[in-house]
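[1] Dropping a prediction and its sequence here:
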Amino acid sequence: MIKKIKVKSPANIAFIKYWGQRDKKLILPYNDSFSMNLSNCYTEVKMEILEDEGIKELYIKDYQKTSFEKNEGEALEKVKKFFGIAEKFLKKKIKFGFRIYSLNSFPKKAGIASSASFFSAIALAITNALEMERKISQKNLSILARLSGSGSACRSIPDGFVWWQKGKESSDSFAYSIAPASFWKIFDMVLILSTDEKKISSFEGHQKVLTSPFFKLRLTDLRKRIKMIRRAFLKKDFTLFGNLVEEEALSMHFVMMTQKPPLFYWSGKTIELMKEVLTLRKNGVEVYFTLDAGENLHLIYQKKDELKVKKYFKSHPLVIDLINNSPSIGARFI
Ligand code: PMV
């Protein structure tokens, strides 16, 4: 073995979502997006760099599993493809094999950005494998993560609260931190309602946005919402911020549901819980929901409501498990 590289990278939850790619090869979005890295939803990657160029292996340990399983399917193919992309992007020949062990602290492909944490971790590990980790800027590392195919992986590279500027071309479509994790003590509690993997990937879904008659309306709407949310965030106006976060999640899902073919990531449980969040709010607990491409719900709240939110959902009959997250730093070597 030449060397062993260890990396940990967070998933992120988007407050302004990225949905739709204007360039599916370069993974360029139609709009800016904005997210927070999650402290307890992460992927840990151990990458062994091997002399034997022929060995290309991936082992995955899923949420609540006790052992690693060899993956010889789609995930391995995507990793191999990403090594090829990295080779071109970093302009360095890859003359080694690899064995990757990847461990997830949360269910994958269930709306908690597992591909973002995974590919951002792989991107960082590759830079070390190629002895480029000191030379590459954070901007370029974020671009590399974006090129993996999971665009939101670029937002898991910088620390804390992260902005992905859509850019005009590949070289200026990258993510940067707009505030460190310590800037605002807000939380994201993920309610695990199901660990089933989604049937239609985000990548497929992204390609169909233009078939929704509401997509253009969403983009027009977003111009205002993006400005408002950035202002509300910097002023720490939680009420305005939370309302915009909810509005934004519904806007993205409205487009998903009106694409052709329609994408229904919600389940009955998701809607039940969304309604309960509204009731809780009426009763004085300030909590807002958001969700990505999956049925599991994310709850956003402040420190002052932490105990009430935990108490309410801990023994909830629809909730299998909950993962509480505070803002986190981005991808790093461990
Ligand atoms: O990162 P991708 O390409 O897998 O797309 C996922 C995008 C959403 O999670 C649905 C929204 C977002 O901005 O995170």
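    Structure's in. What do you need? Residues are numbered from 1 along each chain as shown.
[2] What does the pLDDT read for residue 110?
    As predicted, residue 110 sits at a pLDDT of 69.
[3] just the one 5 residues further on next, same as before
    At residue 115, the pLDDT value in this model is 91.
[4] Excluding chain neighbours, give the residue nearest to it in space.
    residue 150 (3.7 Å; CB to CB, 6 or more residues apart in numbering). For the C-beta atoms, the positions are set from N, CA and C on the backbone; glycine is no exception.
[5] Identify the residues contacting that neighbour.
    Taking CB atoms under 8 Å, 6 or more residues apart in numbering, we find residue 150 in contact with 115-116, 118-119, 202-203.
[6] If we check the ligand, which of the residues you listed are in contact?
    With CB under 6 Å from any ligand atom as the criterion, those include 115-116, 202-203 near the ligand.
[7] neighbour-wise, which of these leads?
    residue 116 (33 neighbours; other CB atoms under 10 Å).
[8] My read is that it contacts residue 12, right?
    Yes: counting by CB atoms under 8 Å, residue 116 does reach residue 12; the two are 5.8 Å apart.
[9] Tell me how far residue 93 lies from residue 77.
    As judged by CB to CB, to the nearest Å, residue 93 and residue 77 stand 21 Å apart.
[10] ok, now residue 286?
    44 Å.
[11] give me the number of residues near the closest residue to the ligand within the stretch 101-250 of the chain?
    Nearest residue of the stretch 101-250 of the chain to the ligand, counting by CB to the nearest ligand atom: residue 152, 3.2 Å away. Neighbourhood size, residue 152 [other CB under 10 Å]: 31.
[12] hmm, back to that, who's more crowded, residue 286 and residue 77?
    Shown here are residue 286 and residue 77; by other CB under 10 Å, residue 286 has more neighbours (16 against 13).
[13] pLDDT value on that one, please?
    Predicted confidence (pLDDT) for residue 286: 98.
[14] same thing with the one 10 residues further on?
    Reading off the per-residue confidence, residue 296 sits at a pLDDT of 93.
[15] which bits of the stretch 1-150 of the chain sit near the ligand?
    Taking CB under 6 Å from any ligand atom, the part of the stretch 1-150 of the chain that reaches the ligand is made up of 14, 17-19, 33, 113, 115-116, 150.
[16] from those residues, which ones fall inside helices?
    Assigned to helices by DSSP state H, the following of these qualify: 115-116.
[17] Between the residues of the stretch 1-150 of the chain next to the ligand, which sits nearest residue 207?
    Closest to residue 207 out of these is residue 19 (11.0 Å), distances taken as CB to CB.
[18] for the nearest residue to the closest one once chain neighbours are set aside, what are its contacts?
    Distances taken as CB to CB, 6+ apart place residue 252 nearest to residue 19, at 4.9 Å, with adjacent residues excluded. Residues counted as contacts of residue 252 (CB under 8 Å, 6+ apart) are 17, 19, 218.
[19] Doesn't residue 252 belong to a strand?
    No: read with DSSP: H, G, I helix; E, B strand; the rest coil, residue 252 is helix and lies in no strand.
[20] pLDDT at it, what is it?
    pLDDT, residue 252: 98.
[21] how distant is the lowest-mean-pLDDT helix or strand in the chain from the center of its chain?
    Using mean pLDDT, DSSP states H and E, the weakest-scoring helix or strand in the chain turns out to be helix 202-206, at a mean of 92. Relative to its chain's centre, helix 202-206 lies at 14 Å (CA atoms, centre = their mean, to the nearest Å).
[22] what do you get for stretch 79-86?
    A distance of 19 Å separates the centroid of the chain from that of stretch 79-86, by CA atoms, centre = their mean.
[23] same question, stretch 195-209
    14 Å.
[24] measure that stretch end to end?
    26 Å (CA to CA, to the nearest Å).
[25] is it fair to say residue 256 lies in a strand?
    No: assigned with three-state DSSP, residue 256 falls outside any strand and is helix.
[26] is it true that it touches residue 202?
    No: taking contacts as CB under 8 Å, residue 256 lies outside contact range of residue 202: 9.7 Å.
[27] Can you list the low-confidence ranges for this protein?
    Where the chain drops to pLDDT under 70, the residues are 110.
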